[in-house]
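Asks: need coordinates for the following:
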Amino acid sequence: MSKNDYLSKAELEEILNDKINPEDVSKIIGAYEMAEDAESNATDPTGTPKFYHNTRVCRILIDELSITEPNLLIAALLHNILLSSSEISSSIIDYNFGSYVAYLVQFMCDDYRERQKDKPEKINIDYLDDDALIIILSDFLDMLRTFDFDKLLNPFTYIEDIKKRYFPLATKSDNDEIAYLIKEIRNEFNKILG
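Replies: Model prediction:
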C-alpha cells in the first residue's frame, strides 16, 4: 500500500453494505464525510492529503482484521480530526457518534499531543481497552508502511516509542487482532531497520 492509496467513500459503502445494517453504514459514511471535510486542506510534508491515512487505517481494520464494528470504523476515520480541525470538538463527536467514539478519538488526540511533547507518561495507557489499542496499532502500522521516514520522522525514535509505550500492553492482550498488528508492525520494523 502506498501513501496515495486510500479507501474511497463509494468503496467503503460498497464493502459495508453487505456486512452491516444501513443505519450503521450511514453513520460510518457520515464520519467519513466529517473527517474528509475537516481535513480537506491538510497535507503531510510530501503533499499527500492527511485524510488518506485515516481511510487506510479504516481499511486495515476491514481488510486485514475483518472488523466491521461501527464504533471502531468511525473512530478510525476520525482519529486525527481533533488535531486537524479547530471547529470539531469531542462534544460534537459525542453528539453525532456517541460517547465511546468521542472517548477513542479524544484519547488518540491527547496521546499524540503528549508524545509530541516527549511527555507520553502524562497519558495513562495502563487501562487502555483493546479497541483503542487496535486503532493505535493500525495507525502505527499504516505509518510504518507508507511514510518516508528519512524525510518525515526519525525511524529509530518512532520505532522505540511504539515498542516502549505500546508493546508491553499489547503483549498482555489475548486479542487476535492485536497479535496480528504486533506481528505486522514487527515485520515493518525489520524492513526499515534492515
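Asks: residue ranges with poor pLDDT in the protein?
Replies: For the chain, applying pLDDT under 70 flags the ranges 1-4, 116-127, 148-154.
Asks: give me the most central residue, the protein.
Replies: What sits nearest the mean C-alpha location of the chain, by C-alpha atoms, centre = their mean, is Asp139, with 3.8 Å.
Asks: do you know how far that residue is from Asn54?
Replies: 9 Å (C-beta to C-beta, to the nearest Å). Glycine gets a C-beta too; all of them are placed from N, C-alpha and C.
Asks: quick one: common contacting residues for the two?
Replies: Jointly contacting Asp139 and Asn54 under the rule C-beta atoms under 8 Å, 6 or more residues apart in numbering are His79.
Asks: restrict stretch 160-176 to CA atoms and write it as CSV.
Replies: Output of stretch 160-176 as CSV, limited to C-alpha atoms (Å, rounded to 0.1, in the frame of the first residue of the first chain):
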residue,chain,number,x,y,z
GLU,A,160,11.4,2.9,20.0
ASP,A,161,8.4,5.0,21.0
ILE,A,162,6.0,2.3,19.7
LYS,A,163,7.9,-0.5,21.3
LYS,A,164,8.4,1.1,24.7
ARG,A,165,4.9,2.6,25.0
TYR,A,166,2.5,0.1,23.4
PHE,A,167,4.2,-3.3,23.0
PRO,A,168,4.1,-4.2,26.7
LEU,A,169,0.4,-3.5,26.9
ALA,A,170,-0.3,-5.3,23.5
THR,A,171,1.6,-8.4,24.5
LYS,A,172,-0.6,-8.7,27.7
SER,A,173,-3.7,-8.9,25.5
ASP,A,174,-5.1,-12.2,24.2
ASN,A,175,-6.9,-10.4,21.4
ASP,A,176,-6.1,-12.0,18.0
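Asks: what's next to it, contact-wise?
Replies: 115, 120, 125-126, 128, 130, 133-134, 136-137, 140, 178-179, 181-182, 185.
Asks: just the buried subset of those, please.
Replies: For the contacts of stretch 160-176, a burial check counting by 16 or more other C-beta atoms under 10 Å picks out 115, 120, 125, 128, 133-134, 136-137, 140, 178, 181-182, 185.
Asks: find the residue closest to Lys50 in space, skipping its chain neighbours.
Replies: Excluding its sequence neighbours, the residue lying closest to Lys50 (C-beta to C-beta, 6 or more residues apart in numbering) is Ala42, at 4.3 Å.
Asks: what residues are up against the one you found?
Replies: With contacts defined as C-beta under 8 Å, 6+ apart, Ala42 is in contact with 49-51, 84.
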